[in-house]
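Student: okay, sequence plus prediction incoming.
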Amino acid sequence: MASTRPSTGSHLDDVTSGHALLEAPHRTARESETGAGGVELAPPDVDCLNSELEVENEELETSNEEFETTNEELGSVNQELHSTNVELGVLNTALHKRTTELGMANAVLQSILDGLQVGVAVVDRSMNILHWNHEAEDLWGLCGDAVQGQPLLSPALGLPVQQLPIAAFLAGDASREELAVDTTNRDGESVRCRITCTPYLGPEGDRDGAVLVMAKGK
């Protein structure tokens, strides 16, 4: 019976396979130190890369915290702006109400002045005309819109009030001043005018001006 001997080729294959198995651990170790692009990285390079990644991660975390803080601050500012808008709305409503009330008060005052049978002028402490009723218009031929805000003693108005010590009256504490003057109105008619001056009191009770009542005398 003939003996079976392995062929030379088979023996070489076995040797090659064994050699490959012995080389495998060393090849795996070398590949672990090689990057994806086939560039071999030494252990110190890997440590350096890890350190850089850690630094970048810490910077990202810090940036994220700063963003969160900024968002919180913006939220606080937004709340403050909302509160301010609410307060401004309340103030605007109150101001609108006060303006309406003031307009109504002025309308009532003007109605009262226009209902009087004498001329009435109200001046401030600088003697600028604040109110001028219809009887004053008829007496002197001056429209209220034309004299509003004008100085009472302006020569252009030609009113017979120069002799009335209004400045002293405003500076003093007298409750009444009277003066009768002979003058000519804008129609050229000679008239005797009796002028009575009383205080115009402000909201605090201070003397903020004067009220002049002008009537034709005999």
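Tutor: The structure has been received and is ready for your questions.
Student: okay, which residue is most central for this protein?
Tutor: The residue lying closest to the centre of the chain (Cα atoms, centre = their mean) is residue 88, at 8.5 Å.
Student: and it, how far from residue 81?
Tutor: To residue 81, residue 88 is 10 Å away according to Cβ to Cβ, to the nearest Å. C-betas here are computed from N, CA, C, even on glycine.
Student: same question for residue 45.
Tutor: Distance of residue 45 to residue 81, computed by Cβ to Cβ: 53 Å.
Student: quick one: which of those two has more around it?
Tutor: residue 45 (13 against 10; other Cβ atoms under 10 Å).
Student: quick check, the more buried one in a helix?
Tutor: Yes. Using DSSP: H, G, I helix; E, B strand; the rest coil, the assignment for residue 45 is a helix.
Student: gap between the residue nearest to the centre of the chain and residue 162?
Tutor: Distance from residue 88 to residue 162, counting by Cβ to Cβ: 49 Å.
Student: try residue 84
Tutor: Distance from residue 84 to residue 162, by Cβ to Cβ: 53 Å.
Student: now residue 176
Tutor: 19 Å.
Student: in terms of neighbours, single out the busier of the two.
Tutor: Shown here are residue 176 and residue 162; by other Cβ under 10 Å, residue 162 has more neighbours (12 against 9).
Student: wait, the more buried one touches residue 153, no?
Tutor: Yes. Counting by Cβ atoms under 8 Å, residue 153 is a contact partner of residue 162 at 6.3 Å.
Student: so which strand or helix has the residue nearest to the centre of the chain?
Tutor: In the assignment (DSSP states H and E), residue 88 maps to helix 43-115.
Student: then residue 215?
Tutor: Element membership for residue 215 (DSSP H and E) is strand 207-217.
Student: and the nearest residue to residue 126 once chain neighbours are set aside, how many neighbours?
Tutor: Excluding the flanking residues, the one nearest residue 126 by Cβ to Cβ, 6 or more residues apart in numbering is residue 151, at 7.6 Å. Look at residue 151: counted by other Cβ under 10 Å, it has 14 neighbours.
Student: tell me the pLDDT of residue 151.
Tutor: Model confidence at residue 151, given as pLDDT, is 93.
Student: so it bridges to which residues?
Tutor: residue 128 (DSSP bridges).
Student: which residues touch it?
Tutor: The contact partners of residue 151, by Cβ atoms under 8 Å, 6 or more residues apart in numbering, come to 126, 127, 128, 129, 157.
Student: quick one, phi psi at the first one?
Tutor: Looking back up the chat, that one is residue 126. Taking degrees, to the nearest 10, you get phi -90, psi 10 for the backbone angles of residue 126.
Student: for the chain, what are the low-confidence residue spans?
Tutor: Low-confidence segments of the chain (pLDDT under 70): 1-43, 218.
Student: care to break this protein down by domain?
Tutor: 54-115, 117-217 (automatic domain parsing).
Student: please identify the most buried of the ones you listed.
Tutor: Of all those, domain 117-217 carries the top mean neighbour count, a mean of 16, counting by mean count of other Cβ atoms under 10 Å.
Student: quick check: end-to-end length of it?
Tutor: 13 Å (Cα to Cα, to the nearest Å).
Student: and that domain, how far from the chain's centre?
Tutor: 41 Å (Cα atoms, centre = their mean, to the nearest Å).
Student: part of a strand, is residue 192?
Tutor: Yes. Residue 192 sits within a strand when classified using three-state DSSP.
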